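Asks: Compute the structure for the input listed below.
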Amino acid sequence: MADKILAVLEQREGSLKKVSFEAASVALNLANQLGMQAEAVVVGNDINNLNEISKYGISKLTHLKHELLSNYSPSAYSDTLASFAKETDAQILIFPNTAMGVDLAPRIAVKLNAGIVMDCMKLEIIDKDVIATRPVYAGKALIEVKLNSQTKIFTVRPNVFKPQLVNSASTQVEVKQVENPNLKTRVTAFKKSEGKLDVAEADIIVSGGRGMKGPENFHLIEELAEVLGGAVGASRAVVDAGWRPHREQVGQTGKTVSPSLYIACGISGAIQHLAGMSSSKYIVAINKDKDAPIFNVADYGIAGDVFEILPALTEEIRKIKS
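Replies: Alright, predicted model coming up:
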């Protein structure tokens, strides 16, 4: 039996992302319970914060490096990581369930003939087996899954598994040059909204729906998000209407989020939207329709006009913070 669990880290523009540390903590936790070794791997070119992984108990980090791999390439990343996993005889691979992870993990599962469970919200050890809990039926139910394959792959939902700091940890960082990467397809550039948080990683999200009546009113959402230090989200209807960019879409066809606080403004609560945010720790709903489905999952609900409530709420929070 192989004795290695491999956390596949994610970097963007030369820096490890927060979800990488979550994946590393998951790998270490499973390794400690199974008596295995937790290691990590990342693909990229120059990465400036590799040493940060030492805070999370990973014994070894391998940096698979090439100047043409600074941005994501489905063909090159999957070939490179699958080869490394075979070389190291990794039994379990942990990926963040991000846009990249959702694309990359199944590709590697095929190459490794591995079983895979996506969007895990819980991983526990029962009788030395890893039991994964994930949502099904658009989030209306949860299912427990056990993989029988020799190699197992799990993607973990961002913000669900919190990174755990480990005292007095040290990590061996090894750099391996990648020869002739398979660059059939690759990301050439990222268009970044300066100063805006990614909803997939934000701890607080303020989302707007069709109840905002038009893109010109989303400044109310932005102002509340700013004062809370959170990100702006949107429903699919809003994105389809062209009011907000797709990167802000929360839901089954957008991003799955698990913030500490999710504020839904003018969102009725279609099952596709609930599938993307129902695992939030606290949900606040603001809607003029007191019978809107969103209130069924909300911890706190305000039945009223968002155009009256949002400015008042923002002002009150400003007062408290000042």
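Asks: Assumed residue 135 was part of a strand.
Replies: Yes. Residue 135 sits within a strand when classified using DSSP: H, G, I helix; E, B strand; the rest coil.
Asks: Give me the number of neighbouring residues for it.
Replies: 21 (other Cβ atoms under 10 Å). Quick note: C-beta positions are derived from backbone N, CA and C, even for glycine.
Asks: what's the answer for residue 112, then?
Replies: Neighbours around residue 112, by other Cβ under 10 Å: 21.
Asks: the helices in the stretch 1-150 of the chain, which residues?
Replies: In the stretch 1-150 of the chain, the helices defined using DSSP state H, counting those that start in this stretch lie at 18-34, 74-88, 99-112.
Asks: looking at these, which is closest to residue 51?
Replies: For residue 51, the closest of the helices of the stretch 1-150 of the chain is helix 18-34, at 12.3 Å, according to Cβ to Cβ.
Asks: how about the helices of the stretch 1-150 of the chain, which one is nearest residue 181?
Replies: helix 74-88 (3.9 Å).
Asks: Distance from that closest one to the middle of the chain?
Replies: 21 Å (Cα atoms, centre = their mean, to the nearest Å).
Asks: My read is that residue 202 contacts residue 228, right?
Replies: No. Using Cβ atoms under 8 Å, residue 202 and residue 228 do not qualify as a contacting pair, with a distance of 9.9 Å.
Asks: quick one, which of these two is more surrounded?
Replies: residue 202 (24 against 19).
Asks: Tell me which residues touch that one, please.
Replies: Residue 202 makes contact with 230, 231, 257, 259, according to Cβ atoms under 8 Å, 6 or more residues apart in numbering.
Asks: can you tell me how far it sits from residue 227?
Replies: Using Cβ to Cβ, to the nearest Å, residue 202 is found at 14 Å from residue 227.
Asks: Mind checking the pLDDT average for the helix or strand harbouring residue 276?
Replies: Assessed by DSSP states H and E, residue 276 sits inside helix 271-277. In this model, helix 271-277 carries a mean pLDDT of 91.
Asks: Then stretch 286-303?
Replies: 95.
Asks: and residue 237, what does it touch?
Replies: Contacts of residue 237 by Cβ under 8 Å, 6+ apart are 209, 210.
Asks: Can you tell me the SS state at it?
Replies: Under three-state DSSP, the three-state class of residue 237 is helix.
Asks: could you measure it against residue 272, distance?
Replies: 10 Å.
Asks: roughly how far apart are the most centrally placed residue in the chain and residue 214?
Replies: Compute the mean C-alpha point of the chain, and by Cα atoms, centre = their mean the closest residue is residue 158, 3.1 Å away. Computed as Cβ to Cβ, the residue 158 to residue 214 distance reads 30 Å.
Asks: Kindly report the same for residue 256.
Replies: 27 Å.
Asks: the more surrounded of those two?
Replies: Using other Cβ under 10 Å as the criterion, residue 256 and residue 214 rank with residue 256 on top: 25 against 10.
Asks: wait, doesn't the more buried one sit right on residue 120?
Replies: No. Assessed by Cβ under 8 Å, residue 256 is found out of contact with residue 120, at 11.3 Å.
Asks: residues shared between the contacts of the two?
Replies: Common neighbours of residue 256 and residue 120 (Cβ under 8 Å, 6+ apart) are 97, 157.
Asks: pLDDT weak spots in the protein?
Replies: Residue ranges of the chain with pLDDT under 70: 1-2, 168-169, 190-195.
Asks: Which strand residues bridge the nearest residue to residue 84 once chain neighbours are set aside?
Replies: Using Cβ to Cβ, 6 or more residues apart in numbering and skipping the chain neighbours, the partner closest in space to residue 84 is residue 41 (5.8 Å). On the basis of DSSP bridges, residue 41 is bridged to residue 8, residue 62.
Asks: burial count for residue 41?
Replies: 22.
Asks: what does residue 315 give?
Replies: 13.
Asks: Kindly report the same for the one 4 residues further on.
Replies: Residue 319 has 8 neighbours, counted by other Cβ under 10 Å.
Asks: ok, it to residue 221 distance?
Replies: 20 Å.
Asks: Likewise for residue 75?
Replies: 38 Å.
Asks: who's more crowded, these two?
Replies: residue 221 (26 against 14).
Asks: Tell me, how many residues neighbour the residue nearest to that one when sequence neighbours are not counted?
Replies: Leaving aside its chain neighbours, residue 221 sits nearest to residue 208 (4.4 Å; criterion: Cβ to Cβ, 6+ apart). Using other Cβ under 10 Å, residue 208 has 31 neighbouring residues.
Asks: Residue 208 pairs with what?
Replies: residue 234, residue 265.
Asks: follow-up on the earlier one: so of the contacts of residue 202, which two are at opposite extremes in space?
Replies: Across the contacts of residue 202, the two lying at the largest distance from each other (Cβ to Cβ) are 230 and 257, at 11.0 Å.
Asks: list the contacts for the residue nearest to residue 84?
Replies: 6, 7, 8, 9, 61, 62, 63, 64, 81, 84.
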